[in-house]
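Q: Predicted model, plus sequence, below.
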Amino acid sequence: MSALAPRVAVHGDVLDFMTRALAEGGAELVDLDDGPQILALDHGNDATQLTEILDTTPSVQWVQLPTAGIDKYRDALAAHPDTIWTSAKGAYAEPVAEHALMLALGVARLIKRRARAGSWEEMDGISIFDTRAVVVGAGGVGLEIVRLLKAFRVKVDVVRRTDAPAPGADRTVSAEHLDEVLPGADLVVLAAALTDGTRHLIGEAQLAAMKEDAILVNIARGPMVDCEALTKTLAAGHLYGAGLDVTDPEPLPEGHPLWDEPRCLITPHTADTLPMIQLLLGQRFAANLKHWQAGEDLNGVVDPAQGY
């Protein structure tokens with residue numbers, strides 16, 4: 001290994017995917033007390049230790065996080081604002097978007113009820129072909145959802161922080177116009193980062209504004225939806241249904257009414273499982289190591305002020 005190879009320490013387990021990423025990126029694996037320039041986090045890391053690790057390892061210039069969302073690392077980011085931070089945002093877009101589509105179709109085709117049926121049932125369900133969707137978030141996941149929906153001839157409004165046109169969208173509006181586009185949507189998919197501005201983005205008023213037969217899908221973060229309001233909305237018969245991969249609280253407690261709500265399809269935060277995303281994180285980290293050595297911009301740079 002060259003003396004100029006980046007020195008990388010890993011917080012968490014050094015699994016095969018990380019070893020391959022280090023080799024492909026031309027980096028050297030070192031211990032925390034050997035002056036690493038880069039700290040890479042495995043998915044199994046203890047986030048509560050990160051601030052202390054950085055406090056005691058001043059040689060670290062760049063931290064590669066293993067997740068797209070950064071909410072559980074906020075304290076460490078705030079304590080070390082001059083460190084370069086990169087997340088996995090965009091790296092897991094395909095499996096997460098695939099899961100969002102599965103939830104939308106599952107709700108539309110009443111899969112929760114159908115999978116439990118013990119006898120032949122009446123014919124019902126709806127199609128998402130030629131409908132209109134609102135996708136909240138224009139990162140990698142949001143844009144991949146837009147691309148997948150186009151195969152169903154869905155017209156898509158994208159809601160993002162600014163009104164800069166999102167690739168593939170039929171219309172792009174800024175976040176303050178969310179309430180204006182919700183009433184026309186047959187499908188609403190949440191794919192944005194959790195920030196102070198997106199917490200309870202979908203509350204009682206937004207749910208009431210949606211069509212009676214609209215579908216809500218959340219594959220972002222649970223607190224983006226007011227869970228109590230959603231529970232009451234579904235119980236009252238408003239909305240065709242909801243597909244949730246994330247909840248608030250999470251895990252959703254046993255006995256919570258959403259478990260028994262026939263029009264709510266819940267998966268336990270499995271839009272991106274470890275076998276899927278370890279490979280993708282390794283590819284992202286290896287590419288970033290090459291960019292680092294070439295003095296090029298890194299992928300997934302975090303803006304702590306924006307929260308993603």
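A: Right, received. Where do you want to start?
Q: where do the strands sit along the stretch 101-250 of the chain?
A: Under the criterion DSSP state E, counting those that start in this stretch, strands of the stretch 101-250 of the chain are mapped to 132-136, 155-160, 171-174, 187-190, 215-218, 241-244.
Q: who does the second one touch, helix- and strand-wise?
A: Using 3 or more Cβ pairs under 8 Å, 6 or more residues apart in numbering; DSSP states H and E as the contact criterion, the elements in contact with strand 155-160 are strand 132-136, helix 140-150, strand 171-174, helix 178-181. C-betas here are computed from N, CA, C, even on glycine.
Q: Name the strands paired with that strand and say parallel or antiparallel.
A: Taking DSSP bridges as the criterion, strand 155-160 forms sheet pairs with strand 132-136 (parallel), strand 171-174 (parallel).
Q: try the fourth one
A: Strands flanking strand 187-190 in the sheet, each with its direction: strand 132-136 (parallel), strand 215-218 (parallel) (DSSP bridges).
Q: May I see the ones you listed arranged in TSV, with mean pLDDT and distance to Glu98 as well?
A: Converted to TSV, the strands paired with strand 187-190 look like this (pLDDT from 0 to 100; distance: least, Cβ to Cβ, whole Å):
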stretch	mean pLDDT	distance to Glu98
strand 132-136	98	14
strand 215-218	99	12
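Q: Gln306: which of those is closest?
A: strand 132-136 (15.2 Å; Cβ to Cβ).
Q: could you redo the strands of the stretch 101-250 of the chain as TSV and give each row distance to His43?
A: Listed next are the strands of the stretch 101-250 of the chain as TSV, based on distance: least, Cβ to Cβ, whole Å:
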stretch	distance to His43
strand 132-136	25
strand 155-160	27
strand 171-174	33
strand 187-190	23
strand 215-218	21
strand 241-244	22
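Q: Can I get the ones you listed in a markdown table including distance to Ala271 and mean neighbour count?
A: Putting these into a markdown table (distance: least, Cβ to Cβ, whole Å; neighbours: other Cβ atoms under 10 Å) gives the following:
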| stretch | distance to Ala271 | mean neighbour count |
| --- | --- | --- |
| strand 132-136 | 15 | 25 |
| strand 155-160 | 19 | 23 |
| strand 171-174 | 24 | 16 |
| strand 187-190 | 12 | 28 |
| strand 215-218 | 10 | 28 |
| strand 241-244 | 11 | 26 |
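Q: which stretch among those comes nearest Thr270?
A: strand 241-244 (11.4 Å).
Q: Can you tell me what sits against that closest one?
A: 100, 103-104, 106-108, 215-218, 222, 225, 230, 234, 258, 263-267 (Cβ atoms under 8 Å, 6 or more residues apart in numbering).
Q: What's the ChimeraX line that selects buried ones from the residues you listed?
A: In ChimeraX syntax, the buried subset of the contacts of strand 241-244 is picked out as below (16 or more other Cβ atoms under 10 Å):
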select :100,103,104,106,107,108,215,216,217,218,222,225,230,234,258,263,264,265,266
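Q: Nearest residue to the middle of the chain?
A: For the chain, Ala220 is the residue whose C-alpha lies nearest the centre (Cα atoms, centre = their mean; 4.3 Å).
Q: Make sure it is actually in contact with Thr195.
A: No. In this structure, Ala220 is not within contact of Thr195 by Cβ atoms under 8 Å, at 10.7 Å.
Q: Can you tell me which of the strands paired with strand 155-160 is nearest to Lys211?
A: Of the strands paired with strand 155-160, nearest to Lys211 by Cβ to Cβ is strand 132-136, at 9.7 Å.
Q: Identify the residue spatially nearest to Met210, adjacent ones excluded.
A: Using Cβ to Cβ, 6 or more residues apart in numbering and skipping the chain neighbours, the partner closest in space to Met210 is Leu182 (5.4 Å).
Q: same question, Thr162
A: Once flanking residues are discounted, Thr162 sits nearest to Ser174: 5.5 Å by Cβ to Cβ, 6+ apart.
Q: which residues does that neighbour contact?
A: Going by Cβ under 8 Å, 6+ apart, the list of residues near Ser174 reads 159-163.
Q: and it, what are its bridge partners?
A: The partner residues for Ser174, given DSSP bridges, come to Arg160.
Q: quick revisit: what's the closest residue to the residue nearest to the centre of the chain other than its chain neighbours in contact with, if anything?
A: Among residues not flanking Ala220 along the chain, Leu190 sits closest, at 4.5 Å (Cβ to Cβ, 6+ apart). When contacts are counted by Cβ under 8 Å, 6+ apart, Leu190 touches 136-137, 201-202, 216-220, 224-225.
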